[in-house]
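[1] Test case, fold it:
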Amino acid sequence: MYGDLDKLGAQNAILIVIQLVFSAILMIMVDKLLSKGYGIGNSRTSLFIAINICENIMQKAFSPIAHRTALGIEYEGAVIALFHRLMIKSDKVSALQSAILRDNLPYLTSLLATVLAFLIVIQLQNISSQDY
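    Residues are numbered from 1 along each chain as shown. The predicted model follows:
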């Protein structure tokens, strides 16, 4: 599936195995959370929806894929792009502004809005109707 081991290399093969083990552990942890009653309903469909959303967030935040744009090489992941821009640009304020709002690639504002929405939902779930 990933290619011949000679072409792939030992380091990449080890990284693939580590990634698969980590994702299996993460899926078991999310399954335990959903089986304890957290989340919407108690079905396994919720598990796959939650895993898909987590994958999309992690992909948009930490993707190491590089794209060639008018500004030069930019990384797809918002967090990686932030650190890359802070390292290569001498004007740190401009680097931070360009990482907060980017064209055609994931940016920090959407990541922060997603985290804020999760925190609000978690807080609202903790509030019960008996408190009022």
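[2] From here on, just use CA atoms for contacts and neighbour counts.
    Fine.
[3] ok, which stretches of the chain are strands?
    Using DSSP state E, the strands of the chain run over 66-69, 72-75.
[4] Out of those strands, which one sits most buried?
    Among the strands of the chain, ranked by average contacts under mean count of other C-alpha atoms under 10 Å, first place goes to strand 72-75 (a mean of 17).
[5] And the residue nearest to residue 66 when sequence neighbours are not counted, what's its pLDDT?
    Spatially, and ignoring its direct neighbours in sequence, residue 66 is nearest to residue 75 (4.3 Å; C-alpha to C-alpha, 6 or more residues apart in numbering). In the prediction, the pLDDT value recorded for residue 75 is 89.
[6] cool, the one 3 residues further on as well?
    Predicted confidence (pLDDT) at residue 78: the value is 90.
[7] ok, the residue nearest to residue 89 when sequence neighbours are not counted - how many residues close by?
    Among residues not flanking residue 89 along the chain, residue 95 sits closest, at 6.3 Å (C-alpha to C-alpha, 6+ apart). By other C-alpha atoms under 10 Å, 19 other residues sit near residue 95.
[8] hang on, residue 95 packs against residue 81?
    No: Residue 95 is beyond contact range of residue 81, at 9.5 Å (criterion: C-alpha atoms under 8 Å).
[9] With distance to residue 26 as added columns, please give the strands of the chain in a markdown table.
    Converted to a markdown table, the strands of the chain look like this (distance: least, C-alpha to C-alpha, whole Å):
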| stretch | distance to residue 26 |
| --- | --- |
| strand 66-69 | 26 |
| strand 72-75 | 25 |
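[10] wait, which of those is closest to residue 27?
    Residue 27 sits nearest to strand 72-75 of all the strands of the chain, at 26.8 Å, using C-alpha to C-alpha.
[11] Nearest to residue 104, out of the strands of the chain?
    Across the strands of the chain, residue 104 has its closest neighbour in strand 66-69 (9.7 Å, C-alpha to C-alpha).
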